[in-house]
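Asks: A predicted structure for the sequence below; I have some questions about it.
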Amino acid sequence: GKMQSLAESRQGYFEHLLKRAEFVPTGFPHYDKWAHGLWRGWLFVSAGRPSVGKTAMLLQRVMGVAKSGPVLVWSQEMDKYQLFDRMISNITGIAYGRIKNKELKADELGIIEHFYKELEKLPIYVQDSSGVTIEEVRATARRFKRRHGQLAMIAVDYLQIMRIPQRKGETRAQAIGNVTTTAKQIARDMKCCFMMLSQMNRETDRRIGKPTLS
């Protein structure tokens, strides 16, 4: 690309205005009404303290977004069967604890089998390895796009347990900043949404005095 004046950009800009906005519905009606869904080319960071339901919300979004196209999920804390347990619990209404503890009756197994068949029609792909780098995510997503076409979303659960290389003289915060910058570039290059979960620090609960941006 080269520097362009507004006059030189006029034709492209009006073509851009007439193009349909590219967003992907999440399946959360209130959110989709307010934000239209997740916008292609954007990085979304969903942050919260441990055990507040970040993964559960992500999986609901994954199921909604996968109706619009393939979703690649990197699960670094849970194995893929634990994720499937949660999705199945969500769509069947069978308590997650009972699925996790294998306390299922025969008729419930039948219900799960029925819903799993429905779920497997959705193009959801899961890799459950911890310590992935953002470059590995990019390489896998590129290979997938060449083979299967346009992605709808890339999701990483969660940022702080990625393998984040620190260059000499670089702080951890700067290294994390490089990861999120690269994630944003991937979203733009792939024209898909990138959903990154991030854990907020528990230390903020113990501080007394003026609140800070944790």
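Replies: Received it, and whenever you're ready, just let me know what you need. Every value quoted in this text rests on a predicted model; they were computed, and no experiment measured them.
Asks: buried residues in the longest helix seen in the chain?
Replies: Taking DSSP state H as the criterion, the chain has its longest helix at helix 172-190. Buried residues in helix 172-190, counted by 16 or more other Cβ atoms under 10 Å: 176, 179, 180, 182, 183, 184, 186, 187, 190. Yep, even glycine has a C-beta here, placed from its N, CA and C like the rest.
Asks: Also stretch 76-95?
Replies: Neighbour counts over stretch 76-95 (16+ other Cβ under 10 Å) mark 76, 78, 83, 84, 85, 86, 87, 88, 89, 90, 92, 94 as buried.
Asks: try stretch 30-44
Replies: The neighbour-count check on stretch 30-44 (16+ other Cβ under 10 Å) flags 32, 37, 38, 40, 41, 43, 44 as buried.
Asks: from what I can see the last one touches residue 197, true?
Replies: No: applying Cβ atoms under 8 Å as the test, residue 44 and residue 197 come out as separate, 9.7 Å apart.
Asks: still on that earlier bit, which ones among the buried residues of stretch 76-95 lie within helices?
Replies: Among the buried residues of stretch 76-95, the members falling in helices (DSSP H) are 83, 84, 85, 86, 87, 88, 89, 90, 92.
Asks: what are the ranges of the strands in this protein?
Replies: Under the criterion DSSP state E, strands of the chain are mapped to 23-24, 38-39, 43-48, 71-75, 124-127, 153-157, 193-199.
Asks: Using a markdown table, please lay out those strands together with mean pLDDT and distance to residue 101.
Replies: What follows is those, written out as a markdown table (pLDDT from 0 to 100; distance: least, Cβ to Cβ, whole Å):
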| stretch | mean pLDDT | distance to residue 101 |
| --- | --- | --- |
| strand 23-24 | 86 | 35 |
| strand 38-39 | 89 | 34 |
| strand 43-48 | 90 | 26 |
| strand 71-75 | 94 | 20 |
| strand 124-127 | 94 | 22 |
| strand 153-157 | 94 | 23 |
| strand 193-199 | 92 | 25 |
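Asks: deepest of the ones you listed, which one?
Replies: Most buried of the strands of the chain, by mean neighbour count (mean count of other Cβ atoms under 10 Å): strand 153-157, with a mean of 25.
Asks: That strand pairs with which strands, and in what direction?
Replies: If you go by DSSP bridges, strand 153-157 pairs up with strand 71-75 (parallel), strand 193-199 (parallel).
Asks: which other residues reach the first one?
Replies: Outside of strand 71-75, the residues within contact range by Cβ atoms under 8 Å, 6 or more residues apart in numbering are 62, 65, 83, 122-129, 132, 137, 140-141, 144, 151-157.
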